[in-house]
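Participant: Structure for this input, please:
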Amino acid sequence: MEENDEVMNKTFIGEECLIPLEVLDFIKNFNQSDLEVIWPCQVRHYWLSLQPFVQFVRILLAYVTPFVIFFGVILNAISFGMLSKPILRFCDSGLSLYLRALAISDNAVLIFDYGVGVARSNFSAFNTLFMNSKFLCGINSVSMEFFQITSTWLVVSLTWARVAAIIFPLQTFNKNHDCSAIIVIIILTCLSLIVSLTKLYCGGYESDSVFEYVTCQKIVIPWGIPMYFYIAFCTWLPLLFIFIGNVLLICHMRKSDVIHIQLTRKHILSF
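Facilitator: This is a model prediction of the structure:
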């Protein structure tokens with residue numbers, strides 16, 4: 001505690017802060033009013049202490065992210081092509097539909113969430129196109145949310161499709177199984193789009209991007225109570241469904257192994 005107090009005392013001369021606002025390099029416009037109040041000296045000192053971690057994350061975002069995008073798009077495209085082949089498509093067409101839809105959605109996430117973010121961060125002229133176009137800015141805000149939410153809930157659907165395939169294996173060969181998979185994908189897509197359209201009026205991934213580009217939305221409209229439903233829909237609710245589905249899958253697989261072992265022993269003892 002005494003060391004912290006001593007360090008903090010060194011950042012002041014009287015009431016004047018020795019750490020300039022310019023150390024907050026994520027601020028794009030230093031002509032804003034009340035910056036001294038919004039970013040007090042204690043916050044600037046804390047920001048300086050985080051610089052090693054901040055620089056490491058910036059290196060990852062600048063140099064590692066493009067490789068992740070490049071290889072991710074290629075591998076998802078290969079997966080989609082493999083799953084579209086007749087031999088694999090008819091093994092379990094329901095699961096194949098979910099996997100192909102997930103490959104498309106994941107590629108869209110890589111391109112619109114991360115690819116566009118990297119481009120806007122590194123090329124000011126490209127970011128200016130969004131800043132000067134309300135249409136492009138709105139499309140970007142909606143698409144970033146839309147594909148992220150769609151991919152999340154497709155993973156949930158895929159989890160429960162696997163559970164159904166293990167517990168009710170004969171049902172996977174039913175023609176209605178394929179239709180139900182298509183209906184679920186369409187419903188999830190529509191729900192994700194409806195939720196994503198709210199980003200035209202309030203902040204989201206576009207206004208809180210880790211790529212530190214100048215965002216389009218300057219004023220964020222508060223959500224109030226609906227924010228809790230949005231957070232649940234995007235975070236802990238799909239996580240809960242995935243967890244429950246995987247627990248059921250593991251329990252049923254262990255039960256099947258026990259039955260298989262018992263039947264094998266009876267078969268051996270019968271000889």
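Participant: where do the helices sit along this protein?
Facilitator: Taking DSSP state H, the helices of the chain run over residues 2-10, 35-38, 41-49, 51-59, 65-83, 86-89, 93-108, 116-122, 124-131, 134-167, 175-196, 226-234, 236-269.
Participant: what angle separates the third one from helix 51-59?
Facilitator: Following axes from the mean of the first three to the mean of the last three C-alpha atoms, to 10 degrees, one obtains 60 degrees for the angle between helix 41-49 and helix 51-59.
Participant: hmm, back to that, could you dump the helices of the chain to TSV with mean pLDDT, mean neighbour count and distance to V210?
Facilitator: No exception for glycine: its C-beta is placed from N, CA and C like everyone else's. As requested, the helices of the chain are arranged in TSV below (pLDDT from 0 to 100; neighbours: other C-beta atoms under 10 Å; distance: least, C-beta to C-beta, whole Å):
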stretch	mean pLDDT	mean neighbour count	distance to V210
helix 2-10	48	9	28
helix 35-38	81	11	20
helix 41-49	87	14	16
helix 51-59	89	11	8
helix 65-83	93	15	10
helix 86-89	64	10	36
helix 93-108	89	21	19
helix 116-122	88	19	8
helix 124-131	87	14	15
helix 134-167	89	19	12
helix 175-196	86	15	19
helix 226-234	84	13	17
helix 236-269	84	12	21
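Participant: can I get those in CSV with distance to E22?
Facilitator: Putting those into CSV (distance: least, C-beta to C-beta, whole Å) gives the following:
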stretch, distance to E22
helix 2-10, 18
helix 35-38, 11
helix 41-49, 10
helix 51-59, 13
helix 65-83, 27
helix 86-89, 57
helix 93-108, 38
helix 116-122, 20
helix 124-131, 19
helix 134-167, 28
helix 175-196, 37
helix 226-234, 34
helix 236-269, 39
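Participant: So which of these is nearest E212?
Facilitator: With C-beta to C-beta as the criterion, E212 lies closest to helix 116-122 of the helices of the chain, at 6.0 Å.
Participant: Out of the helices of the chain, flag the one nearest V23.
Facilitator: Ranked by C-beta to C-beta, the member of those that lies closest to V23 is helix 41-49, at 5.7 Å.
Participant: other SSEs contacting the closest one?
Facilitator: helix 2-10 (3 or more C-beta pairs under 8 Å, 6 or more residues apart in numbering; DSSP states H and E).
Participant: can you do 10 Å?
Facilitator: In this structure, helix 41-49 packs against helix 2-10, strand 16-17, with contacts taken as 3 or more C-beta pairs under 10 Å, 6 or more residues apart in numbering; DSSP states H and E.
Participant: Next, work out how far apart S121 and F26 are.
Facilitator: 11 Å (C-beta to C-beta, to the nearest Å).
Participant: Also I59?
Facilitator: On the measure of C-beta to C-beta, I59 and F26 end up 16 Å apart.
Participant: What of V156?
Facilitator: 34 Å.
Participant: Now for S121 and F26: what residues contact both?
Facilitator: Between them, S121 and F26 have E212 as joint contacts when contacts are counted by C-beta atoms under 10 Å, 6 or more residues apart in numbering.
Participant: Enumerate every residue touching the most centrally placed residue in the chain.
Facilitator: Nearest residue to the geometric centre of the chain (C-alpha atoms, centre = their mean): Q148, 5.0 Å. Applying C-beta under 10 Å, 6+ apart, one finds that Q148 lies in contact with 105, 108-109, 112-113, 192, 196, 204-205, 234.
Participant: Not counting sequence-adjacent ones, nearest residue to P20?
Facilitator: Distance criterion C-beta to C-beta, 6 or more residues apart in numbering; nearest residue to P20, sequence neighbours excluded, is R44 at 8.0 Å.
Participant: before we move on, what about A119?
Facilitator: In space, A119 comes closest to F126 once its chain neighbours are excluded; the distance is 5.0 Å by C-beta to C-beta, 6+ apart.
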